[in-house]
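Visitor: Below are the sequence and a predicted model for it; my questions follow.
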Amino acid sequence: MNDLWQKITSDVQNVRREKNGQHLLIGIDGVDGSGKTTFAKKLVEVLCLDIDAKYIEIVSIDNFHNIQKIRYRQGKDSPIGFFEDSFNYESLKECVLIPVQNAKGKAVSISTKSHDLKTDRLVTLDPINLEPSSIVIVEGIFVQRIEIRNYFDYTIFLDVPFAESVKRMSVRDGSNADLKSSFA
């Protein structure tokens, strides 16, 4: 295991000790295409090797978008609208962050999705049950926004050059990999 994963594992162990049996909320933030989902999956693997966690759940902020009527009210290509209107932070708090925080480490149920991006419909999933002292990893852009950042016990920001994130998005989404034309 390299130094980065050792440092993160050590930090998470320290935070878990400080929280004394309570659930742990970890946020993984970064620009689109920075590898947050891949990083979160690798983090689960690493934590399972070194930490006695009964349950680790990954939640994607992409499952908490606002409906298009709200998301695009400032225009579909508006950078300000993208920042201000993309996500339903109240729903994320209600479904995940507040229940986990208020559970005080006891078993708790959360819902990992409130919106289906493909159908643009609000959804209600059957809740999943978290065992006592679980770890919940929330990954996605804007995880450190003021509306939700204080819920997290530990956050990681993936600092990836835009050229690399644009290249990754082109593979993932089929978008243009040319950095110059992407911002023209």
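Guide: Alright, I've got the coordinates. Note that this is a predicted model, so its numbers are computed, not measured.
Visitor: Identify the residues contacting the longest strand belonging to the chain?
Guide: If each strand of the chain is counted by residues according to DSSP state E, the longest one is strand 24-30. Residues from elsewhere that reach strand 24-30 (C-beta atoms under 8 Å, 6 or more residues apart in numbering): 12, 15-16, 36, 39-40, 43, 97, 100-101, 133-144, 148-149, 151-160. C-beta coordinates here come from the backbone N, C-alpha and C atoms, glycine included.
Visitor: Over to stretch 49-61?
Guide: Residues outside stretch 49-61 that contact it (C-beta under 8 Å, 6+ apart) are 1, 9, 12-13, 16, 37, 40-41, 44, 47-48, 87, 92, 96, 110, 112, 128, 130-143.
Visitor: Drop anything exposed from the residues you listed.
Guide: Under a neighbour-count criterion of 16 or more other C-beta atoms under 10 Å, the subset of these counted as buried comprises 9, 12, 16, 40, 44, 47, 87, 92, 96, 110, 112, 130, 133-143.
Visitor: Okay, and which of the residues you listed map to helices?
Guide: Assignment to helices by DSSP state H places the following of those there: 9, 12, 16, 40, 44, 47, 92.
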